[in-house]
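**Q** below: sequence and its predicted model.
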Amino acid sequence: MLEIAVGKHLGKFTIDANITCETTGIVALFGRSGAGKTSIVNMLAGLLRPDHGRITVNGTTLFDSSQGIDLPPERRRLGYVFQEDRLFPHMTVRANLHYGLRRVPPGERTIQADQVVALLGLEGCLERRPHHLSGGEKQRVALGRALLANPRLLLMDEPLASLDQPRKDEVLPFIERLRDEMAIPIVYVSHSMPEIVRLADTMVLISDGRVEAVGTVDDLTSRLDLRPLTGRYEAGAVIEARVAGHDRDFGLTELAFAGGRLRAPHVNLPVGTRLRLRIRARDVALALEAPQRSSILNAIPATVRDIGTEEGPQVDLRLDAGGATFWARITRRSLIDLGLQPGTAVTALIKAVAIDRYSLGRSAGPGRFLGDDN
Amino acid sequence: MLTLTPLEAEALNLSLRVALWSVATSLPVGLLIAWLLARRDFIGKTALNALVHLPLVLPPVVVGYLLLVLLGREGPLGRLLFSLFGITLPFTWQGAALAAAVMAFPLMVRAMRLSLEAVDRRLEAAARTLGARPIMVFATITLPLMAPGIVVGAVLAFARGLGEFGATITFAANIPGETRTLPIALYTLIQSPGGEAAALRLTVISVVLSLAALVASEVMARRLRARMDG
C-alpha cells in the first residue's frame, strides 16, 4: 500500500497530492510536462522535502511532518531510475551495479548481481565505463543499479524520455521483464500514454500539482470526464484481449475481446497470450448497418452509450461492445445525419492497421480478461 | 658543474620540504573552505571569500608582517601556541611553510572550488538513493570526480610555495639551513659582491623545478581525466 498526502509550494506552483493505492505491479503517474509528477516522486524518494504531509510505503512511514519523521534518502530504500541515466562516470558498469548492493546488509540481499545482469543482458559490458555505452545500455545499467539496491519500491521517472524510438523499443521489454519476473512494485512516471497502457495496472492522473483520479488504466482511459487530461489526440480506450489465432498468409493476427474478434497486423505471440489494445477514437468509424463489401476488416456490433458535449466540428461517442468500452470520433454532421443517440445500435468499423502495434503490451494480471469465447 | 654545491643542496632541500609541508597541511583546510564556499550558504560567506583571497592582492610583505604580529611570541595566537604546545613559528622552517601556505591558499581553494562546482549534484542525489550516507557520497562520488581539480590546486600551491619570498623573509627571516629557501638564497647571493655566477646556477635550478612541477601537474590531471572518460 502506497499512501501519499503531501503539500509543497515551489515558487508559484503548488503541489497538493493525495494518492492511496495498492503497490502491485506498476503504478503509473500520468500527466503533462510540468504537472508535478517528478516533484511528487522526488518527495517520495526524499530528494525534495514536502512542506507538510505524510508518506508511507507498505506500512513504513518515510515522512510525517506532524511526527517530525523525515527519513533521509539513503534510509528510505527506494530505488530510483532517473530520466537521465546518472551513472557514475568514474566507475565501471560492474562498480555502478554494485554501488547500492554493497550497502545492503548481506542477509537482506534477495536480488543478486548475476540474476540482474542476466535479466538485463549486461554480461558484455561489465568492465566498460558508462562513457562507452549506448543510450539504451546506459538506461539498462541504471535499471540494474537501482534494482540491486534491493529497494522496497522502484521509482522510474520517465526512464525512456531521453531515448529515441529504437532505444525505447530496446529498453521497454526489459522493464516488462522486471515487472513480470521481480516481485518489486514500481512507480512509473510518464507523459506517454502508449508506455502506460503497455506497462501499468494502476494509473494516477496528475494535473497542475493535484491528483485528479486514481484507478485502473482501463477505467481511467474510458472515462468521459477525464478526457481533457488524457488529451483529445490521445482519446481512446484500452481493451483487454487474447491472441486467438494467426493468419500467416496475410500476416494478420486475430484477437478475441469481450465484444468479438479483431484482426491486427501480425504479432509474434503464441495463441492464448493476453494483451492490451489501444484503440484511438479517431480510428473508429460508425455505420448503422454492417457494410456488405468493405475494405475494413473489423466491423464490431456495438451500442452508443454517451455522446460527448465538446464544442467543435467533431464529437466523441462512447460505445459498448459486449462490456468492452471504446470510443469513436465522428463529425457533428454525421451525428445528425445518422440520428445517433444513446442506445442506438451501430457497427463500429475499425481499420485493422489502426491498432497500434506499440500498445500490444502483455496484460499484467491474469483473470481480468472478459472473453466470452474461451 | 652538474653537481650541487652543499649550499645549493641545502636551499633546494629546504625549499622542497617547505613547499611540500605547506601543501600537505593546507590541503584539507583548503578542501573544507572550497566545500563551504561552493556548497553552503551562511552568514559571513562573502567575508570568508574575501579573507581567503586577500593574500592574492596584499603585498606579500604585509602578509608576512601580519603573520608576525599574530603569531610572534608576543602575538595573541603565538602566545597561545607556545603556552599550549610549545610551538614557535617565526624564524623556523615550519613558519616558512605556513607563510608559503597562506600565500598559495587562494590558488588552491580556487582550483578546488571550481572543480567542486563542476561536479554534477544529480549524481550525488543518485548515490543517496542507492543507500550511501552523505559522507560516503563525498568520499566515493564527489572526491573522485573533483580529483583533477585537487591535483591542479595542489601543484599550483606547491609551485607558488617554492617561489614564495616576501611573506617568508618577513615572517621567517633569512636563516641558513632553517629558512633560507631557494629564492631567499638567490636574493642573498645577488646582494653579495661576486655572487652572480652562483645566483645564475640557482636561477636555473628554480626554473627546472617549477617547470617539472607544471609538467607533472599536467600529466597527472590528464591521466585522471582519461580514467574518467576511459
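**A** Ah, there it is. Numbers count the residues shown, from 1 in each chain, chains lettered A, B, ... in the order given.

**Q** packing partners of the helix or strand hosting B:P183?
**A** Per DSSP states H and E: B:P183 is located in helix B:182-191. Helix B:182-191 is packed against helix B:6-39, helix B:143-163, helix B:166-171, helix B:196-229, with contacts defined by 3 or more C-beta pairs under 8 Å, 6 or more residues apart in numbering or on different chains; DSSP states H and E. For glycine as for every other residue, the C-beta is placed from the backbone atoms N, C-alpha and C.

**Q** most tightly packed of these?
**A** helix B:166-171 (a mean of 25; mean count of other C-beta atoms under 10 Å in any protein chain shown).

**Q** list of residues touching that helix?
**A** B:18, B:55, B:59-61, B:63-65, B:67-68, B:71, B:89-90, B:95-96, B:98-100, B:102-103, B:179, B:181, B:183-184, B:187 (C-beta atoms under 8 Å, 6 or more residues apart in numbering or on different chains).

**Q** then it to PDB, C-alphas only?
**A** Output of helix B:166-171 as PDB, limited to C-alpha atoms (Å, rounded to 0.1, in the frame of the first residue of the first chain):
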ATOM      1  CA  GLY B 166      58.200  38.300   0.600                       C
ATOM      2  CA  ALA B 167      56.000  36.800   3.300                       C
ATOM      3  CA  THR B 168      58.600  34.200   4.100                       C
ATOM      4  CA  ILE B 169      61.500  36.600   4.600                       C
ATOM      5  CA  THR B 170      59.400  38.900   6.700                       C
ATOM      6  CA  PHE B 171      57.900  36.200   8.900                       C
END
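
**Q** once you drop chain neighbours, what's closest to A:L335?
**A** A:V315 (5.5 Å; C-beta to C-beta, 6 or more residues apart in numbering or on different chains).

**Q** is the one you found in a bridge, and if so with what?
**A** Beta-bridge partners for A:V315, by DSSP bridges, are A:I330.

**Q** that one reaches A:R329, doesn't it?
**A** Yes: the pair A:V315 and A:R329 qualifies as a contact (C-beta atoms under 8 Å) at a distance of 7.3 Å.

**Q** state the distance from B:G64 to B:R160.
**A** Noted for B:G64: a distance of 15 Å to B:R160, by C-beta to C-beta, to the nearest Å.

**Q** who does the host helix or strand of A:V346 pair up with?
**A** Here A:V346, judged by DSSP H and E, is contained in strand A:345-350. If you go by DSSP bridges, strand A:345-350 pairs up with strand A:284-287 (antiparallel), strand A:298-307 (antiparallel).

**Q** now the first one: average pLDDT?
**A** Spelled out, that is strand A:284-287. For strand A:284-287, the mean pLDDT works out to 89.

**Q** buried residues in that strand?
**A** Residues of strand A:284-287 classed as buried: A:V284, A:A285, A:L286 (neighbour count, 16 or more other C-beta atoms under 10 Å in any protein chain shown).

**Q** between the residues you listed, which is nearest chain B?
**A** Using C-beta to the nearest C-beta, A:V284 is the member of these that sits closest to chain B, with 43.5 Å.

**Q** OK, contacts around the closest one?
**A** A:L319, A:F326, A:W327, A:A328, A:R329, A:A348, A:L349, A:I350, A:A354.

**Q** re the thing from before, turn the strands paired with strand A:345-350 into CSV, including distance to A:L338.
**A** Shown next, in CSV, are the strands paired with strand A:345-350 (distance: least, C-beta to C-beta, whole Å):
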stretch, distance to A:L338
strand A:284-287, 7
strand A:298-307, 10
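
**Q** which of the ones you listed sits closest to A:T273?
**A** Across the strands paired with strand A:345-350, the minimum distance to A:T273, taken as C-beta to C-beta, is reached by strand A:298-307, at 19.2 Å.

**Q** got a list of contacts for that closest one?
**A** A:224, A:259-260, A:262-263, A:287, A:290-291, A:315-321, A:325-326, A:335, A:340-352.

**Q** mark which of these are buried, thanks.
**A** A:224, A:259-260, A:262-263, A:315-321, A:325-326, A:335, A:340, A:344, A:346-350, A:352.

**Q** which parts of the stretch 51-200 of chain A sit against chain B?
**A** A:72-74, A:76-80, A:82, A:84, A:86, A:88-90, A:99-100, A:103-104, A:129, A:131, A:145-146, A:149 (C-beta under 8 Å from any C-beta of the partner chain).

**Q** try 6 Å
**A** Selection of the stretch 51-200 of chain A residues close to chain B by C-beta under 6 Å from any C-beta of the partner chain yields A:P73, A:E74, A:Y80, A:R86, A:P89, A:H90, A:Y99, A:G100, A:R103, A:H131, A:A149.

**Q** shouldn't the fourth one be within a strand?
**A** No: note on A:R86: no strand contains this position according to DSSP: H, G, I helix; E, B strand; the rest coil, which reports coil.

**Q** which non-adjacent residue is nearest it?
**A** Nearest to A:R86 is B:A126, by C-beta to C-beta, 6+ apart, at 4.2 Å.

**Q** secondary structure class for that neighbour?
**A** Classification of B:A126 using three-state DSSP returns helix.

**Q** and it, how many neighbours does it have?
**A** By the criterion of other C-beta atoms under 10 Å in any protein chain shown, B:A126 has 29 neighbours.

**Q** was I right about B:A111 contacting B:G153?
**A** Yes: under the criterion of C-beta atoms under 6 Å, B:A111 makes contact with B:G153 at 3.4 Å.

**Q** how about the strands in the stretch 1-150 of chain A?
**A** A:2-10, A:13-21, A:26-30, A:52-57, A:60-64, A:69-70, A:78-81 (DSSP state E, counting those that start in this stretch).

**Q** quick one: B:G95 and B:E178 touch, right?
**A** No: look at B:G95 against B:E178 with C-beta under 6 Å: they stay out of range, at 9.2 Å.

**Q** comparing those two, which shows the higher neighbour count?
**A** Neighbour count, other C-beta under 10 Å: between B:G95 and B:E178, B:G95 has more, with 26 against 17.

**Q** wait, what's in contact with that one?
**A** If you count contacts by C-beta atoms under 6 Å, 6 or more residues apart in numbering or on different chains, B:G95 has them with B:L89, B:F171, B:A172.
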